[in-house]
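Peer 1: sequence first, then the predicted structure:
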Amino acid sequence: MDETELKQLTKAARKAKRIALEKAMELHDLVEDRLPAAYAELPGLAEETYSACKAWAAAEAACVAAQSNL
C-alpha cells in the first residue's frame, strides 16, 4: 500500500465519521425535541445511525490496518 491509498482510506474514514456524527445528531434531536409525538421515526433513524456508525468503524479499522502495514 502506498501513501496515496492510505490518504484515500483516511479521507474515507473521516467522511464516514462525519456521516455517523450527523446521524447521531439527528437521532439526538429526535429524542430531545420531538418525542413522543415522532415515535414512529425512531426505528428508522436508529437503524440509519447504527449503519453509519458501523460503516465508520469499518473504515477506521481499514485505515488503522493500512497504517500498520506501512
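Peer 2: Received it, and whenever you're ready, just let me know what you need.

Peer 1: what's near enough to touch the residue nearest the centre of the chain?
Peer 2: Residue closest to the mean C-alpha point of the chain, counted by Cα atoms, centre = their mean, is A20 at 2.7 Å. Counting by Cβ atoms under 8 Å, 6 or more residues apart in numbering, A20 touches 49, 52-53, 55-56. For the C-beta atoms, the positions are set from N, CA and C on the backbone; glycine is no exception.

Peer 1: roughly how far does the residue of the chain positioned farthest from its centre sit from E48?
Peer 2: Distance from the centre of the chain peaks at A37, with 26.4 Å (Cα atoms, centre = their mean). To E48, A37 is 19 Å away according to Cβ to Cβ, to the nearest Å.

Peer 1: hang on, the earlier thing: what about the contacts of A20, which are in helices?
Peer 2: Under the assignment DSSP state H, these contribute 49, 52-53, 55-56 to helices.

Peer 1: buried members of those into ChimeraX, please.
Peer 2: Buried residues within the ones in helices among the contacts of A20, by 16 or more other Cβ atoms under 10 Å, are selected in ChimeraX with:
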select :49,52,53,55,56
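
Peer 1: and the end-to-end length of stretch 30-40?
Peer 2: Stretch 30-40 has an end-to-end distance of 11 Å (criterion: Cα to Cα, to the nearest Å).

Peer 1: any idea of the mean pLDDT in it?
Peer 2: For stretch 30-40, the mean per-residue pLDDT is 97.
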